[in-house]
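Chemist: Predicted structure and sequence below. I'll ask about it afterward.
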Amino acid sequence: MHPELHEHGPEEVPHTHPDPGVDPHEPLHAGPRALRIGIGGPVGSGKTALVAALCRALGEELRLAVVTNDIYTTEDADFLLRNGVLPAERIRAVETGCCPHTAIRDDISANLDAVEDLEATLGPLDLVLVESGGDNLTATFSKGLIDQQIFVVDVSGGDKVPRKGGPGVTTADLLVINKTDLAPMVGADLAVMDRDAKARRHELPTVFLSLAEDKAATPVADWIRGLIAARTDAAVVS
Amino acid sequence: MSLATLLLLADGRLPSGGHAHSGGLEPQISAGRVRDVTGLEGFLHGKLATSGLVAAAFAAATCADVRRCGELDAGMDARTPSPALRKASRAQGRALLRAGRAMWPVSPHTGREPHQPVALGALAAAAGLQPLEAAVAAAHGVTTGTASAGVRLLGLDPYAVHALLARLAPVCDRIAAQAADRCGDAVDDLPAAGAPLLDIGAEHHATWEVRLFAS
C-alpha cells in the first residue's frame, strides 16, 4: 500500500489516500513558465497599490497571478481581494515569520511553492507578480525566484532616497518613484531624484509615477508589456 | 558518513522554509505560557520529549529504509491530530525536499509533500548519512528553529538562548539515540508521544487574523 500525495487547495487539510487509483488531476502543462516579476520596496511606498493597478491594467490582456508576502497575516492579499482586481484563486499569500527579506532572497521555498501551485491549478500563465513584504533599502529578490525586479520608493520618504542607494535602488531592473503628486507638499525635488537615480543606476530605467493620478500605472505596465513581447519574440526565434 | 554533510543538513541556513515557522511557540507566547528563557527551556524540553522524539524516530526510520516512506508518512499523520500541524509539517517537508533534491539524489519514494521528518530522513539517506545522524538532525532542528523564533518574538538575549541550546545538546543526542535504536520497528510501534497543548495551540493559531509565523 503506497499512499500517494496530491494537490490541495490552500484551505484544504493535506491528507493521503490509502488507495489512490487513478490520479484525477490534469498533467502539469509543459509550456514555458510565466514571467516572474518581483516588486519590492520600503513599507508604505505603494507596492500593493502598484500591484492592484497592474492587475487592473494587464488583467484583461495577460494570464496573470499574484503572490503576496506579508510580514504578518494576509493583509496585502486581502487588499487585492477587497478591491476586486483579481479573483481569489489567482492570489496566494506567503507568510514570512518576521523576515520578509528572507522569504524573497535567502529561503525562497515558500514563494516557489506558491508560484508553482498557481501554475498547477490555473494552467499556463503569462505573468506572476511576487510582492515582497515592506522592508528596507537592502531588500532584493533572489534570481532563483524572479526574472526581473521592480523597486518602489516614494517621494515622501525624502528626495535623498535615490542618492542613498542600496541594492534595491541600485540594482532593480526598474526603479519606480511613486507619489509624485505629494512632491510639492513634502518639499521633494523630482529633478534631484532623477539625477541621483541616473547616477546610481547608470543605464537601468527609472520611472516617476503617481498612482493617485494614473490608476493604470501606465509606465510600469508598458515596461512589463515590453518584457512579455521580448519573451514572445525570443520563443518564436528559438 | 561525513560530518560536514551532517552539519550542512542541520544548518539553519538551509533554504528549507523553516524560518517562517515557530514550532508552536507563537501561540504559547500569546497565551502567556512562555515569557522568558526559563519558559523557553521548559517548552523545548517538552517538545524534545514529545514531537521531537517522534520526529527523530521517523527521520531515522526513513533514513534506514526510504522504501517505507509511504507508510511512515501515514504514521506521521496518525501522530499529528492537528490539521494545522499536518499542513505545516507537509509544507516544510516539501520545502526541504526542494533543497535536498538540488543537493543529493533524493529517493522518489517520498512523494511530493511528505511530513517534514520523512523528508529529512530521505535527504539524510540520499546524503549517505546514517539513521542516528538523521535523528540528531531532527532533534537539533526541533530546538534551534523554535529557539530562533523565541529570539524574534520575545526579544530574548541571543546569548542566553544559545547557552540554553548548549545545555539541550546532550538531551538532543539522548533523544536521537533513543529514536535511532528503534528505526527498524514496525510503524505502529514507533514512538507516538504527543503534546496536546501544541495541537490545541496550533489550531487556535491557524485562526488568528494577525500572526508573525505560519505555524
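Modeler: Ah, there it is.
Chemist: What lies in contact with the helix-or-strand element of chain A with minimal mean pLDDT?
Modeler: The helix or strand of chain A with the poorest confidence is helix A:75-82; it has a mean of 78 (mean pLDDT, DSSP states H and E). For helix A:75-82, contacts defined as CB atoms under 8 Å, 6 or more residues apart in numbering or on different chains pick out A:47-48, A:51-52, A:55, A:66, A:68-70, A:86, A:88, A:91-93, A:131, A:133. Using the backbone N, CA and C atoms, a C-beta is placed for each residue, glycine as well.
Chemist: Mind doing that once more with 7 Å?
Modeler: With CB atoms under 7 Å, 6 or more residues apart in numbering or on different chains as the test, helix A:75-82 has contacts from A:Thr48, A:Val51, A:Ala52, A:Val66, A:Thr68, A:Asp70, A:Leu86, A:Ala88, A:Ile91, A:Ala93, A:Glu131.
Chemist: Select only the buried ones of those residues in ChimeraX?
Modeler: The ChimeraX command for the buried members of the contacts of helix A:75-82 (criterion: 16 or more other CB atoms under 10 Å in any protein chain shown) is given here:
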select /A:48,51,52,66,68,70,86,91,93,131
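Chemist: Read off the pLDDT value for the closest residue to B:Gly184 other than its chain neighbours.
Modeler: Leaving aside its sequence neighbours, B:Gly184 sits nearest to B:Ala64 (CB to CB, 6 or more residues apart in numbering or on different chains; 6.1 Å). Note for B:Ala64: predicted pLDDT of 98.
Chemist: Next: the one 5 residues further on.
Modeler: According to the model's per-residue confidence, B:Cys69 sits at a pLDDT of 96.
Chemist: Then the one 4 residues further on?
Modeler: pLDDT, the model's per-residue confidence, is 98 for B:Asp73.
Chemist: wait, doesn't it sit right on B:Pro114?
Modeler: Yes: with contacts counted by CB atoms under 7 Å, B:Asp73 reaches B:Pro114, the gap being 5.1 Å.
Chemist: Helix, strand, or coil at the residue most central in space within chain B?
Modeler: The centroid of chain B falls nearest to B:Val142 when counting by CA atoms, centre = their mean (4.3 Å). Per DSSP: H, G, I helix; E, B strand; the rest coil, the secondary structure class of B:Val142 is helix.
Chemist: Spit out the contact partners of it.
Modeler: B:Gly23, B:Lys47, B:Leu48, B:Ser51, B:Gly52, B:Ala55.
Chemist: The same query, at a cut-off of 8 Å, please.
Modeler: B:Gly23, B:Leu44, B:Lys47, B:Leu48, B:Ser51, B:Gly52, B:Ala55, B:Ala56.
Chemist: all helices for the chain, in order.
Modeler: Using chain A. With DSSP state H as the criterion, chain A has helices at A:47-58, A:75-82, A:100-101, A:109-122, A:161-164, A:167-171, A:183-186, A:190-201, A:218-237.
Chemist: wait, chain B
Modeler: B:3-10, B:25-30, B:37-47, B:53-64, B:69-78, B:83-103, B:116-126, B:131-154, B:158-181, B:196-205.
Chemist: For A:Val161, find the nearest of these.
Modeler: In terms of CB to CB, the element of these nearest to A:Val161 is helix B:131-154, at 27.3 Å.
Chemist: Send me the closest one as PDB with only the CA atoms.
Modeler: Provided in PDB are the C-alpha atoms of helix B:131-154 (Å, rounded to 0.1, in the frame of the first residue of the first chain):
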ATOM      1  CA  PRO B 131      19.800   6.800  10.800                       C
ATOM      2  CA  LEU B 132      21.300   8.200  14.100                       C
ATOM      3  CA  GLU B 133      22.600  11.200  12.200                       C
ATOM      4  CA  ALA B 134      19.100  11.800  10.700                       C
ATOM      5  CA  ALA B 135      17.700  11.600  14.200                       C
ATOM      6  CA  VAL B 136      20.300  14.100  15.500                       C
ATOM      7  CA  ALA B 137      19.500  16.500  12.700                       C
ATOM      8  CA  ALA B 138      15.700  16.200  13.500                       C
ATOM      9  CA  ALA B 139      16.100  16.700  17.300                       C
ATOM     10  CA  HIS B 140      18.500  19.600  16.700                       C
ATOM     11  CA  GLY B 141      16.200  21.200  14.200                       C
ATOM     12  CA  VAL B 142      13.300  21.000  16.700                       C
ATOM     13  CA  THR B 143      15.200  23.000  19.200                       C
ATOM     14  CA  THR B 144      17.100  25.600  17.100                       C
ATOM     15  CA  GLY B 145      14.200  26.600  14.800                       C
ATOM     16  CA  THR B 146      11.900  27.200  17.800                       C
ATOM     17  CA  ALA B 147      14.600  29.000  19.800                       C
ATOM     18  CA  SER B 148      15.200  31.300  16.900                       C
ATOM     19  CA  ALA B 149      11.500  32.100  16.800                       C
ATOM     20  CA  GLY B 150      11.700  32.900  20.500                       C
ATOM     21  CA  VAL B 151      14.500  35.400  19.900                       C
ATOM     22  CA  ARG B 152      12.400  37.100  17.300                       C
ATOM     23  CA  LEU B 153       9.100  37.100  19.200                       C
ATOM     24  CA  LEU B 154      10.200  37.900  22.700                       C
END
